[in-house]
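Enquirer: Kindly generate the corresponding structure for this input.
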Amino acid sequence: EENPRWQATLPYSIPSVCQSPCGTKLFYPWLMAALLCWQFCRHIQVRMGEYNADVKEHSELVRSATLIIHHPRYDSRSLDNDIMLIKLATTMDYSADIQPTGLPSTRAKEGPKCLFQGEETPPVLSNQKCQEAYPGQITSNMICVRFLDGGKDSCQVSIDVGTEPWLMLLNFSLQGDSGGPAVCIGKPQGIVSQGTECALKGHLSVYTKVCNYID
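Expert: Purely as a prediction, here's the structure:
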């Protein structure tokens, strides 16, 4: 399966409870990822140039993180500001399999389709449609994508919200795509954050709106 050159995975961490298949995007030496996946981690390793997680490939590089920055206003209940930065500890050379991505200067508009995992996603939806799908749960730092009648989509975090952060960690089930980027017109506009399983009819995928965090 194709893995875009600007995408990385975060398969290893300490403590072991943080191990998950969350993704991220690269604008070297920094990576962006969903904070929900890694909010309790202090040690993270990143894999880049990976196409098959079960096979060691010639294109694959592994780097450790030297700095991890959590958004200071992250809300573990609403998942508002579900974004973090990871700085790689050592240098790396770009290749045909590993390339950085630029950053968006404007927000994604309603309608255009984006790329997720190298494949076309459903259209970006308006905040109104997003709010209708998840009443009272969508903030200005989120965007939604989805065909309302179901279809191919990302598989994100399903959440049964507890009252304490450790309950959140126990209750969410990572479905493989959390933290991965949605790239619209060549720029990363979203980070997979939350939703209801994979491509269920009437349920939208919710992404952290990347452009809100760029000066």
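
Enquirer: List the pairing partners of the longest strand anywhere in the chain within its sheet, with orientation.
Expert: As assigned by DSSP state E, the longest strand anywhere in the chain is strand 61-70. Strand 61-70 pairs in its sheet with strand 43-48 (antiparallel), strand 84-88 (antiparallel), by DSSP bridges.

Enquirer: pretty sure residue 130 is in a helix, no?
Expert: Yes - counting by DSSP: H, G, I helix; E, B strand; the rest coil, residue 130 is part of a helix.

Enquirer: need the contact list for the closest residue to it other than its chain neighbours.
Expert: Of all residues not flanking residue 130 in the chain, residue 144 sits nearest, at 3.7 Å (C-beta to C-beta, 6 or more residues apart in numbering). (C-beta placed from N, C-alpha, C; glycine too.) Shown in contact with residue 144 (C-beta atoms under 8 Å, 6 or more residues apart in numbering): 124-125, 127, 129-130, 133, 138, 204-207.

Enquirer: repeat that for 6 Å
Expert: By C-beta atoms under 6 Å, 6 or more residues apart in numbering, the residues touching residue 144 are 125, 130, 204, 206.

Enquirer: Go through those and name the one nearest residue 31.
Expert: Comparing the contacts of residue 144 against residue 31 with C-beta to C-beta picks out residue 206 as the nearest, at 20.6 Å.

Enquirer: tilt between the host helix or strand of that closest one and strand 84-88?
Expert: Counting by DSSP states H and E, the element that carries residue 206 is strand 205-209. For strand 205-209 against strand 84-88, the angle by axes from the mean of the first three to the mean of the last three C-alpha atoms, to 10 degrees is 70 degrees.

Enquirer: quick one: average pLDDT of strand 205-209?
Expert: Strand 205-209 shows a mean pLDDT of 86.

Enquirer: Parallel or antiparallel, which strands does that strand pair with?
Expert: Applying DSSP bridges, one finds strand 205-209 paired with strand 142-145 (antiparallel), strand 187-194 (antiparallel).

Enquirer: tell me the mean pLDDT over the longest strand of the chain?
Expert: 85.

Enquirer: cool, stretch 104-116 as well?
Expert: 67.

Enquirer: where along this protein do the helices fall?
Expert: Along the chain, the segments classed as helices by DSSP state H run 35-38, 127-133, 165-171.

Enquirer: List the buried residues in the second one.
Expert: For helix 127-133, a neighbour-count test (16 or more other C-beta atoms under 10 Å) marks 130, 133 as buried.

Enquirer: contact partners of it?
Expert: Residues from elsewhere that reach helix 127-133 (C-beta under 6 Å, 6+ apart): 138, 144, 204.

Enquirer: Endpoint to endpoint, stretch 46-62 covers what distance?
Expert: Start to finish, the residues bounding stretch 46-62 are 6 Å apart (C-alpha to C-alpha, to the nearest Å).

Enquirer: of the strands paired with strand 205-209, which approaches residue 90 most closely?
Expert: Nearest to residue 90, of all those, is strand 187-194, at 23.1 Å by C-beta to C-beta.
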